[in-house]
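Student: What shape does this take:
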Amino acid sequence: MELDSIVLNRKEKKLLKKIIFLSNRADHGLASTDLIKQQSEYDKYYFYQLRDFGLIGTHHLPEPNEKTHWRPENGTYVTDKGRHYKDWHWEHLRIFIYKSVMTPIVITLLTNLVLYLLEKHLK
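Tutor: Below is the predicted model:
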């Protein structure tokens, strides 16, 4: 999923921030999923939402006698998208503010200036 279509709510942002913090403290950037589940910010829905957005990923740590049976994720890491989500979000917010606030102000000022000059010239 592209970052253009991802909008996180407040709880998802808090959870992503906590996962980034935990993965930075963990070996190889792989935080224990059990540790993440113990955090107050953890919510199963938002965790899987972040994973579906591609902001975090899950990893199965190998076991000595690996069998081909299902077992839950036991490691979580932050993807490049997740690490740079704030930067991307701020850039889009800045562009939005420029387009929706600054452009009308500049157009209004130019229009008033032209009208003022026309009025002054016609007198």
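
Student: so what does the longest helix seen in the chain touch, helix or strand wise?
Tutor: Scanning the chain for the helix with the most residues, using DSSP state H, yields helix 103-122. On a contact count with 3 or more C-beta pairs under 8 Å, 6 or more residues apart in numbering; DSSP states H and E, helix 103-122 meets no helix or strand. The way it works is simple: take the backbone N, C-alpha and C, and place the C-beta from them, glycine included.

Student: average model confidence for it?
Tutor: Helix 103-122 carries an average pLDDT of 92.

Student: Contact partners for the residue nearest to the spatial centre of the chain?
Tutor: By C-alpha atoms, centre = their mean, the chain has its centre lying nearest to Y85, at 3.5 Å. Y85 makes contact with L3, I6, L8, L16, L55, according to C-beta atoms under 8 Å, 6 or more residues apart in numbering.

Student: how about 10 Å then?
Tutor: Going by C-beta atoms under 10 Å, 6 or more residues apart in numbering, Y85 touches 3, 6, 8, 12-13, 16-17, 20, 50, 53, 55, 78-79.

Student: Same check on Y98?
Tutor: Contacts of Y98 (C-beta under 10 Å, 6+ apart): none.

Student: Look up how far G54 lies from I20.
Tutor: 15 Å (C-beta to C-beta, to the nearest Å).

Student: Give the residue from those two that has the larger number of neighbours.
Tutor: For I20 versus G54, neighbours defined as other C-beta atoms under 10 Å are more numerous around I20 (19 against 15).

Student: hang on, that one is in a strand, isn't it?
Tutor: No: looking at I20 with DSSP: H, G, I helix; E, B strand; the rest coil, it is helix, so not inside a strand.

Student: residues contacting it?
Tutor: G29, A31, L55, I56, V78, G82, R83, Y85, K86 are the contacts of I20 under C-beta under 10 Å, 6+ apart.
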